[in-house]
Each structure stands twice: as structure tokens, then as C-alpha cells.
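J.: Sequence isn't available, so here's the structure alone:
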């Protein structure tokens, strides 16, 4: 029995080794490691071109956030200067290449600081303005954002070792978006919105670490891992710890987002089914389920006034659906229909 088991293990091991060699031969590794390192060193230099791209990308993204224009923000994402040294940073941590590690780290840090300072100055110059959806959507990162960063980072790393698909970089930069969260940090800091700034910083770190981990995996699968086992273990260990530390707040934020979606759906159903009103339109809802007295603030437009009895009915039904006592408050904006006095033409 033992001989059969040993034969089975050796057989499976041989098949695995053969498949791994075939994978290494025809898989990811496309350019020599020396050529890859030279390219990454070039990308990680703090050059005039890199700084110009940082300033340009930051200003475009900041103005796009201010006017709430998705098209303008996408234009800033396509430039994607921060993606260049970040791939070098991943390779340097894997190989224990201190020169590349230093160059890429300095480029990423200086680029990030310039983006925050530049967007902060824009916010101070413009003065007070309301934060629209393009800003607020980047202050509530979830676990999905980390998964997006990992997938986009893996494509970015793969494109680096296979130059034939280097055109994929703009697309991955758009999906993972490193520059807009930094600009949100500067804008929110300029208005004293510290809580929003913390969310934007968390999103930026999520994207940064997700890309780094994905590039590490691609470089290993491509056969670029060096012989310094201590350095590799340290690199994987640090990345793993950072991923775990990030995952905790991201999971919490993800479930909070799901809870809010459930509440919003319940609000819509309760208003339609129990208020028996067709003139009410919910403009915005603020849900607070974290403290000892959960509450829901509804900003609505209505033609007729909302009575305390109707609010009590909504409060009762929402409490039943969510299985917790809630305090519901309506902020009502009167909605008036105005028609012209000119009779309709026959």
C-alpha cells in the first residue's frame, strides 16, 4: 500500500514539474530579466517628463472632480504616470534590488505628494464647493476595489514583460485609478473634510498594494524571481500583512455598503406601498446604523405636506423590515407644478 502511495505521489509530482516547465517555457516570461530590469529602472527615474505627467494628470483629474465630469477624469487616468515606478517597486522588492527599490519608492512618494499638494492648492484657490458623486464615490472603498486593483495590476505587470501588449496600460490605469483618489485627498483636506480624506487615502493605499501584489505574482510566474530566498519571503510577508490590514476596513466598508443598499430598497418599497403617495420623490438618504440610536434621514420632494402620521408609518415598517428600531426624519422640499396660461393648440 505504501509503495503504491509513493508511486502515486512521484507520478503526480513528475506531471506537475513537466507542466510547470511547459508553462515557464510558453507562459509569461517573454523578455530577459536584464532587459526587464533596464526598462523598469528607466520607468522609475524621477525625470522631468515624469514630473510634467504628474502635474498634468493631477490638474486634469482635480478639475474633473470639481466639475464632476467623468470624461475629464478618465483623461487624467489615461496619462497614468504613477503606474510606471510602481511596477519597478514590485520587481525590486522581489529581487532585493536596492537601487531600483530606492528610485521607484522616491518617484512614487514624490509623485503622490505633488498630487496631494497640487489638488489642495486648487481647492484652496477655488474656495468652498459641494462635493459631487465623482468625489464621494472615491471616499468609500470596499473589498471590490482591492480585487479590481489586483486584476488591473496583474494585467499591467503582464504587459510589462510582454511589450507587444503594452497598449493595455491605459485601460488598466483607467480601471484602477491611482491619481483621482490622491486628488480627492487634496480637495477634501482643503475643505477640512478629514473623514472623506481618510476614505480617499484608504482607496489609494488599496490600489497601491493591490497592484504591487499582483505584479509580484506575475513576475514570479514569469520566472523572474531571484535566488535570494530571504528577500522573496520578506517581500511576500510584507505584502501579505498589508493585504490583511487593508482587508479588515474594506470588508467592513463593503458590508456597510450592502446594508445601505438594503435600507434604500426598503425605503423605496415602504414609501410606495404604505404611504399611498405618488407625489413623493426621494432625492437623498443618509443611513446611520452604527450607533445606539439608528436613524434614517430622507431628503424628499413632495407636492403635498408630509404628516407626522405618515412618518410614523414609514418608521414602523422600516423597523420591522430591518429588525431594529429606527428613527426616521423627512426633509421635505415643496414641489410645485406650474403650467402656462396659454390654451393648448388644437
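T.: Thanks, I have the structure now. Predicted, not measured: the structure shown is a model, and the values here were computed from it.
J.: Now for the closest residue to residue 211 other than its chain neighbours, how many residues are close by?
T.: Nearest in space to residue 211, with sequence neighbours left out and distances taken as C-beta to C-beta, 6 or more residues apart in numbering, is residue 153 at 3.3 Å. For glycine as for every other residue, the C-beta is placed from the backbone atoms N, C-alpha and C. By other C-beta atoms under 10 Å, the residues close to residue 153 number 29.
J.: where's residue 153, which helix or strand?
T.: helix 143-161 (DSSP states H and E).
J.: so what does that helix touch, helix or strand wise?
T.: Applying 3 or more C-beta pairs under 8 Å, 6 or more residues apart in numbering; DSSP states H and E, one finds that helix 143-161 makes contact with helix 33-43, helix 83-95, helix 169-176, helix 194-221, helix 229-274.
J.: State the pLDDT value of the residue nearest to the spatial centre of the chain.
T.: The centre of the chain sits closest to residue 145, judged by C-alpha atoms, centre = their mean, with a distance of 4.1 Å. We have a pLDDT of 79 for residue 145.
J.: For residue 314, see how far away the closest residue to it other than its chain neighbours is.
T.: Distances taken as C-beta to C-beta, 6+ apart place residue 206 nearest to residue 145, at 5.3 Å, with adjacent residues excluded. In this view, residue 206 and residue 314 are 36 Å apart by C-beta to C-beta, to the nearest Å.
J.: Tell me which of the two has more neighbours.
T.: Taking other C-beta under 10 Å, residue 206 and residue 314 do not tie; residue 206 has more neighbours (27 against 21).
J.: I'd guessed the more buried one sits against residue 143; true?
T.: No - applying C-beta atoms under 8 Å, one finds residue 206 not in contact with residue 143, separated by 9.0 Å.
J.: quick check: domain ranges of the protein?
T.: In terms of domains, the chain is parsed into 24-226, 260-334 (source: automatic domain parsing).
J.: can I get these in JSON lines with distance to residue 341?
T.: Output for those, formatted as JSON lines (distance: least, C-beta to C-beta, whole Å):
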{"stretch": "domain 24-226", "distance to residue 341": "36"}
{"stretch": "domain 260-334", "distance to residue 341": "20"}
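J.: Quick one: closest of these to residue 342.
T.: domain 260-334 (22.6 Å; C-beta to C-beta).
J.: Show the end-to-end separation of that closest one, please.
T.: 26 Å (C-alpha to C-alpha, to the nearest Å).
J.: One more: stretch 326-342?
T.: 48 Å.
J.: Where does pLDDT dip in the stretch 151-300 of the chain?
T.: The model of the stretch 151-300 of the chain has pLDDT under 70 over residues 163-176, 225-257, 274-277, 289-292.
J.: circling back: quick one, which of the domains of the chain is packed in tightest?
T.: Among those, domain 24-226 has the highest mean neighbour count (mean count of other C-beta atoms under 10 Å), at a mean of 19.
J.: now that domain, how far from the chain's geometric center?
T.: Centroid separation for domain 24-226 versus its chain: 11 Å, with C-alpha atoms, centre = their mean, to the nearest Å.
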